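[1] Please work out how this folds:
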Amino acid sequence: MPPATDLIEAAAQTIKPDNFQRILILGSAPNSLQAVNWPRELFDKIVVINNAWRVRGDWDDIIYPYDFAPENMPPHIEPHQQIVDEHIFVPVQNNYGGFVYAGATMAFTAGYWALGHYKPTQITFMGCDMHYPDTGKTHFYGIGSPDPLRDDITLTSLEASSARLYSLASQQNCQLFNLSDGISRLIFPRLSINALALGDDHLPTHAVDEFQINIALKREAQLDYYVPSGRYWDDPRHFDKDALIQLDALWMNTIQYKT
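    Alright, predicted model coming up:
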């Protein structure tokens, strides 16, 4: 039997339908280095978050927040590569309800931007687990700030934020998967790179409850926590934390896990 790497390469050459758009979102967790040699043919676009451009050079989009240090940017941008800053991603995320509801950390922001910009069929995540060990590296480059764990009104539940993204993507006929095999705060179905390459017609999915999605969206409309600028921390309104925690429960109810 050919080596597994050869099988992945061969499967990656499989012709996909014209409307099949596959996105890889790459974060900076230590396991993101596993993606270094993944076949480029498996992905139509690679979106890197913050420093993840260092993992592999064939990325298409780099997305980063307003406070990303300029010295951490790539030294050179190729003609086919795109910089995605707040001027670009805020309007797209606003189309999905804004930052207070989505969860203001870059894994989710990148997910919503890719979902709205590319309108893909599939988004896979790697290095976006938002889990930080007590010892050792927190990021592939060493020790970094655990941004998703900060005390923030938009991050009352990372699991609920990922359930929201999964549910809204499902309504757009887009499947989300987590390629990581480590501890993760993402609720997306797990998928190995081998299974992705083989293009199994029966990839693992969570069903979503459209009725529950409508309940959650109606509650969001009632709360009216939409901030057009995206800078919710400058908004003079009071955001009720208890109300957002109750909203988290509504989004968790939208996912029907397979047993």
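[2] element containing the most centrally placed residue in the chain, please.
    Nearest to the geometric centre of the chain sits residue 111, at 3.7 Å (Cα atoms, centre = their mean). Secondary structure assignment for residue 111, by DSSP states H and E: helix 106-118.
[3] Repeat that for residue 91.
    Here residue 91 is assigned to helix 86-94, by DSSP H and E.
[4] which secondary structure elements does that helix contact?
    helix 99-102, helix 106-118 (3 or more Cβ pairs under 8 Å, 6 or more residues apart in numbering; DSSP states H and E). Heads up, the C-betas are built off the backbone N, CA and C, glycines and all.
[5] ok, how many other residues are close to residue 69?
    A count of nearby residues for residue 69, using other Cβ atoms under 10 Å, gives 9.
[6] I should have written residue 182 there, sorry.
    By the criterion of other Cβ under 10 Å, residue 182 has 13 neighbours.
[7] right, and it touches residue 31 too?
    Yes - counting by Cβ atoms under 8 Å, residue 182 does reach residue 31; the two are 5.6 Å apart.
[8] ok, residue 154 touching residue 108?
    No - Residue 154 is beyond contact range of residue 108, at 9.1 Å (criterion: Cβ under 8 Å).
[9] the more surrounded of those two?
    A direct count of neighbours by other Cβ under 10 Å for residue 154 and residue 108 places residue 108 higher, at 25 against 20.
[10] Would you mind giving me the confidence score for that one?
    pLDDT recorded at residue 108 is 97.
[11] now it: how far from residue 70?
    Distance, residue 108 to residue 70, by Cβ to Cβ, to the nearest Å: 24 Å.
[12] What of residue 214?
    Relative to residue 70, and taking Cβ to Cβ, residue 214 is found at 43 Å.
[13] residue contacts, residue 247?
    Neighbour list for residue 247: 101, 160, 216, 219-220, 223 [criterion: Cβ atoms under 8 Å, 6 or more residues apart in numbering].
[14] helix or strand right after the least confident helix or strand in the chain by mean pLDDT?
    Considering only helices and strands, the least confidently modelled element of the chain by mean pLDDT, DSSP states H and E is helix 4-12, at a mean of 44. Remark: after helix 4-12, the chain's next helix or strand is strand 22-26, criterion DSSP H and E.
[15] picking up where we left off before, list the contacts of the helix holding residue 111.
    With Cβ under 8 Å, 6+ apart as the test, helix 106-118 has contacts from 21, 23, 25, 27, 44-45, 47, 49-50, 63-65, 84, 88-89, 92-93, 95-96, 99, 102, 120, 123, 125, 128, 130, 147-148, 161-162, 165, 168-169, 172, 174, 176, 186.
[16] same thing but 7 Å
    With Cβ atoms under 7 Å, 6 or more residues apart in numbering as the test, helix 106-118 has contacts from 21, 23, 25, 27, 45, 47, 49-50, 63, 65, 84, 89, 92-93, 95-96, 102, 120, 123, 125, 128, 130, 161, 165, 169, 172, 174.
[17] what does stretch 227-236 give?
    86, 90, 93-94, 98-100, 154.
[18] residues of that stretch that come out buried?
    For stretch 227-236, burial by neighbour count (16 or more other Cβ atoms under 10 Å) applies to 227, 230, 232.
[19] So what sits opposite residue 22 in the bridge?
    Beta-bridge partners of residue 22, counted by DSSP bridges, are residue 122.
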